[in-house]
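J.: Got a predicted model here, sequence first, then my questions.
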Amino acid sequence: GQQLNQSPQSMFIQEGEDVSMNCTSSSIFNTWLWYKQDPGEGPVLLIALYKAGELTSNGRLTAQFGITRKDSFLNISASIPSDVGIYFCAGGILGSSNTGKLIFGQGTTLQVKP
Amino acid sequence: DAGVIQSPRHEVTEMGQEVTLRCKPISGHDYLFWYRQTMMRGLELLIYFNNNVPIDDSGMPEDRFSAKMPNASFSTLKIQPSEPRDSAVYFCASSSLFKGGTEAFFGQGTRLTVV
C-alpha cells in the first residue's frame, strides 16, 4: 500500500534556529498537508497544498509541494519553545474513489532548547 | 464551531469487555474518519465514511472492531471483546467535500487502556 517516509524522525534544536523536515512517497499525491500534534491533543492542520510546485506560508512556517508530486517539505524559521511537538505530513488523492482518504507519515518529533 | 468532539477522553477497561467510543463531527462536514495512534504504528486509518456511508474499512484490524454512523452528527467505534493490544489513542476526524475532503480536523482523542 501507499507509504510516506518522513524525516528526520526527531530533532533537537536551539531556540532561534531554522528547522526543515520532509516527506517522500513512492506514489503520487495531488494534495499534501502538514499537521502538528501537541502532547495529549489531536493533530492540528498547519498548511494544505494542492498544486505541484506550490509554496505556501503560515507565519513562520513554509511548506512546498514537490514538482514530482511525490514529496513535500516543511520549514520552520526562528524556532521558539512552543514549536515543540510532533509534525506529521499527510498525502491525499482528490477526484478518485479514495477522495478524502489521507495517508500519514510517521512524524517528526521536534524539541527546542530555550 | 466546537470542533470534533470525542467521548470519553480516557477509558480504562478490562480485557474482554465491550468498549464504545463516540464522535460528533463538525456540523456540515461530509467525511468522518476513525484513526488509531500507537508508538509502534503511528497514525493508522481504521475506517472512513462519506455522507454516513462507510467507504473504506480496510484498516479495521479485526472483526472485533465495528463502526457505525447512524446520522450526520454521530458515529461510534466499538471493540468487542477488547484486548490489551487494543490500547491506543483513538482519534475521530471530519472534513468537508468542499476541499475534496482532505483537510481533516481532529478531535482530542480517546485514550484507551485495556488491562
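T.: Arrived safely, thanks for sending.
J.: what does chain B have sitting close to chain A?
T.: B:4, B:31, B:33, B:42-43, B:45, B:48, B:50, B:55-56, B:91, B:93, B:95, B:97, B:99-109 (CB under 8 Å from any CB of the partner chain). Placement of C-beta: from N, CA and C, glycine included.
J.: One more pass at 6 Å, please.
T.: Within chain B, the positions near chain A by CB under 6 Å from any CB of the partner chain are B:31, B:42-43, B:91, B:100-103, B:106-109.
J.: what residue ranges in chain B are flagged as low confidence?
T.: By pLDDT under 70, the low-scoring segments of chain B are B:1, B:99-101.
J.: Residue most distant from the centroid, it?
T.: residue B:98 (21.9 Å; CA atoms, centre = their mean).
J.: Are we agreed that it is in a strand?
T.: No. Under the criterion used here (DSSP: H, G, I helix; E, B strand; the rest coil), residue B:98 is helix, not part of a strand.
J.: Which positions are bridged to the spatially most central residue of chain B in the beta structure?
T.: Central residue of chain B (CA atoms, centre = their mean): residue B:34, 3.0 Å from the mean position. Note on residue B:34: beta-bridge partners by DSSP bridges are residue B:47, residue B:92.
J.: That one and residue A:81, how far apart?
T.: Distance, residue B:34 to residue A:81, by CB to CB, to the nearest Å: 33 Å.
J.: is it true that residue B:92 touches residue B:25?
T.: No. Counting by CB atoms under 6 Å, residue B:92 does not reach residue B:25; the two are 7.2 Å apart.
J.: Chain A: strands as residue ranges?
T.: A:4-7, A:10-14, A:19-25, A:31-37, A:44-49, A:55-58, A:61-65, A:71-76, A:85-92, A:102-104, A:108-113 (DSSP state E).
J.: and of those strands, who's closest to residue B:83?
T.: strand A:102-104 (24.0 Å; CB to CB).
J.: I'd like the distance from stretch B:26-36 to the chain centre, please.
T.: Distance of stretch B:26-36 from the chain centroid (CA atoms, centre = their mean, to the nearest Å) equals 9 Å.
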